[in-house]
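**Q** Predicted model, plus sequence, below.
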Amino acid sequence: MDKAELRRAVIARRDAIGLDVRAAKSAAICARLVELLERSDSATPRTVAVYAAMGSEADPAAFAAAAATRGWRAAYPCMLSASDAAACGQRMCMRALSAGDASEVPFIAHPTRPFAATDIDSDRFPIVPAEALDMIVVPLVAFNRAGARLGYGGGCYDRYLPTLSATCQIIGIAFDEQRIDHVPTDAHDLPLPNIISA
């Protein structure tokens, strides 16, 4: 199967997981993420990048809430307009949120829509430099035991992850049903050092 066929097949498998089962699996994944958070040095301010789940994805919302209660700042992906992307060489940035309802934020409510810098209140939702992230939770379509990740095909995380600090914890999350034997990869596809699944 090529990547497009594989994406369709694995997303269909993920979509077939019942809502209650997906919620329970997401809760188990978030509990393991919280364990990692608790092992971190909480004496200094930290920033974790998460994502707003789309469709049947593993949902890290409970982890983001737990991080906020511990004083960690949460940042979410914001897709960049074509001109902004050309200027910085990235297709997305991470913008910080204060604690509250993430659904009111335009780049969370519309996670695949590109936004120009002038469309977003940068005082309210500042861009977090990649090197300032302490942890990033990465969505994925499929993965294998070696940590190879199949994303959605846009290459956003493949471009973004190499810009992170060497000390940033990179963690992919998914359901066990998304594990496959072989993930087709290209030269730009980076394996994830950690994947948590349930």
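**A** That came in fine, so what should we check first? A quick note: this is a predicted structure, and the numbers were derived from the prediction, not measured.
**Q** Residues in a beta bridge with residue 138, which ones?
**A** Going by DSSP bridges, residue 138 is paired in beta bridges with residue 172.
**Q** What about residue 142, how many residues nearby?
**A** Using other Cβ atoms under 10 Å, the number of residues around residue 142 comes to 24. Where C-beta positions appear, they are placed from N, C-alpha and C, glycine not excepted.
**Q** And the helices in this protein, which stretches?
**A** Secondary structure of the chain, counting by DSSP state H: helices at 3-15, 19-39, 61-69, 82-88, 106-109, 156-160.
**Q** And those helices, which one averages the lowest pLDDT?
**A** Lowest mean pLDDT within those: helix 82-88, a mean of 85.
**Q** so which of the helices of the chain comes closest to residue 124?
**A** Closest to residue 124 of the helices of the chain is helix 106-109 (Cβ to Cβ; 10.9 Å).
**Q** Can you list the helices and strands that the closest one packs against?
**A** strand 73-79 (3 or more Cβ pairs under 8 Å, 6 or more residues apart in numbering; DSSP states H and E).
**Q** same thing but at 10 Å, please
**A** The contact analysis (3 or more Cβ pairs under 10 Å, 6 or more residues apart in numbering; DSSP states H and E) places helix 106-109 against strand 73-79, strand 92-97.
**Q** how about those strands in JSON lines, adding mean neighbour count, distance to residue 24 and mean pLDDT?
**A** Below are these laid out as JSON lines (neighbours: other Cβ atoms under 10 Å; distance: least, Cβ to Cβ, whole Å; pLDDT from 0 to 100):
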{"stretch": "strand 73-79", "mean neighbour count": "22", "distance to residue 24": "23", "mean pLDDT": "93"}
{"stretch": "strand 92-97", "mean neighbour count": "21", "distance to residue 24": "26", "mean pLDDT": "93"}
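**Q** for those strands, which one sits closest to residue 123?
**A** Of all the helices and strands packed on helix 106-109, strand 92-97 comes closest under Cβ to Cβ, at 11.0 Å.
**Q** pull the CA atoms of that closest one into PDB?
**A** Extracted C-alpha coordinates of strand 92-97, given in PDB (Å, rounded to 0.1, in the frame of the first residue of the first chain):
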ATOM      1  CA  MET A  92       2.900  25.900  11.500                       C
ATOM      2  CA  CYS A  93       3.900  27.500  14.800                       C
ATOM      3  CA  MET A  94       2.900  26.900  18.400                       C
ATOM      4  CA  ARG A  95       0.800  29.500  20.100                       C
ATOM      5  CA  ALA A  96       0.400  29.600  23.900                       C
ATOM      6  CA  LEU A  97      -3.000  29.800  25.600                       C
END
